[in-house]
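> sequence first, then the predicted structure:
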Amino acid sequence: MQQKSPGKLQQFFHFPEGDGLATDEFIKGLWRENPVLVQVLGMCPTLAVTNSATNAIAMGLATLFVLVMSNVLVSSLRKVIPKQVRIATYILIIATFVTVADYVIQAISLEVHKALGAFIALIVVNCIILGRAEAFASKNTVWKSLMDGLGMGIGFTFALLLLGTVREILGNGTLFGFPFFPDSFQEWVIMILPGGGFFTLAFWLLFFNGMKARKKDNHTEVHPEKESVEEVYV
């Protein structure tokens with residue numbers, strides 16, 4: 001029987017067969033290579049705009065949009081962009097999508113737009129986005145770049161939400177602007193200040209590193225013979 005040749009769209013995107021949606025490129029950004037909790041990248045917006053959960057989600061979604069779109073476009077043009085001007089081209093592509101995100105946020109919520117301020121424009125030089133464009137999207141297919149952008153973007157948004165939730169609850173006694181504690185609760189004002197951002201980030205880094213260490217210890221206990229064999233051959 002003659003095998004059916006893939007269509008032009010499939011050839012362009014290089015869609016994987018089988019369980020392609022659950023690719024490693026997507027999963028790694030959520031946990032194993034989380035840009036904030038593992039790689040500790042993008043600290044400027046992470047510490048500056050996470051004084052509330054609303055601001056954290058807005059910044060996270062804006063970064064997710066820019067990351068996905070820039071990854072897809074850079075990957076699509078990877079064979080035609082001259083190497084000598086690739087960084088300038090990446091920044092131009094990223095700036096275009098940042099402008100779109102800026103106008104969308106301003107149209108949806110002027111209050112959130114004012115709260116985020118210049119940090120929306122600073123997405124252009126976010127090391128996560130430029131790094132994924134240079135290290136991954138420029139060397140991989142559109143499909144893999146899309147999955148990488150989604151994973152890293154969702155992982156970044158998730159990390160911002162963790163910080164923003166804790167800081168808003170303890171600093172203002174609210175969550176998404178709604179009261180979380182009774183009126184008698186004394187707010188921890190430091191949590192909505194820059195110092196509170198550092199404390200909260202340190203807590204989540206400690207928590208996630210502890211989880212990873214515990215998972216590694218459990219894996220060693222379940223498969224002790226594997227570790228001993230590896231030690232013999234080292």
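Okay, I see it. Numbers count the residues shown, from 1 in each chain.
> and the helices in this structure?
8-13, 24-30, 43-48, 53-76, 86-108, 110-116, 127-135, 142-172, 194-222, 224-233 (DSSP state H).
> for stretch 72-83, which residues meet the burial criterion?
For stretch 72-83, burial by neighbour count (16 or more other C-beta atoms under 10 Å) applies to Val72, Leu73, Val74, Ser75, Ser76, Arg78, Ile81. In this view, the C-beta of every residue, glycine as well, is placed from N, C-alpha and C.
> related to what we said a few turns ago, CSV please, covering the helices of the chain and showing mean pLDDT and distance to Phe178.
CSV is the format used below for the helices of the chain (pLDDT from 0 to 100; distance: least, C-beta to C-beta, whole Å):
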stretch, mean pLDDT, distance to Phe178
helix 8-13, 45, 42
helix 24-30, 86, 28
helix 43-48, 91, 23
helix 53-76, 96, 10
helix 86-108, 96, 19
helix 110-116, 93, 15
helix 127-135, 93, 30
helix 142-172, 94, 10
helix 194-222, 84, 20
helix 224-233, 45, 49
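> mind checking the ones you listed for the one nearest to Ser184?
With C-beta to C-beta, the closest approach to Ser184 among those belongs to helix 142-172: 14.7 Å.
> quick one: buried residues of that closest one?
142-172.
> identify, from the buried residues of stretch 72-83, the entry nearest to Phe176.
Of all those, Val72 has the smallest distance to Phe176: 30.7 Å, by C-beta to C-beta.
> and the helices of the chain: which comes nearest Gln186?
Relative to Gln186, the nearest member of the helices of the chain by C-beta to C-beta is helix 142-172, separated by 10.2 Å.
> tell me which residue is most central in the chain.
Phe156 (2.5 Å; C-alpha atoms, centre = their mean).
> quick one: residues contacting that one.
For Phe156, the contact set (C-beta atoms under 8 Å, 6 or more residues apart in numbering) comprises Gly29, Asn34, Pro35, Val36, Gly42, Gly60, Thr63, Leu64, Leu67, Ile128.
> compare the residues you listed and tell me which is most surrounded.
Counting neighbours by other C-beta atoms under 10 Å, Leu67 leads the contacts of Phe156 with 30 neighbours.
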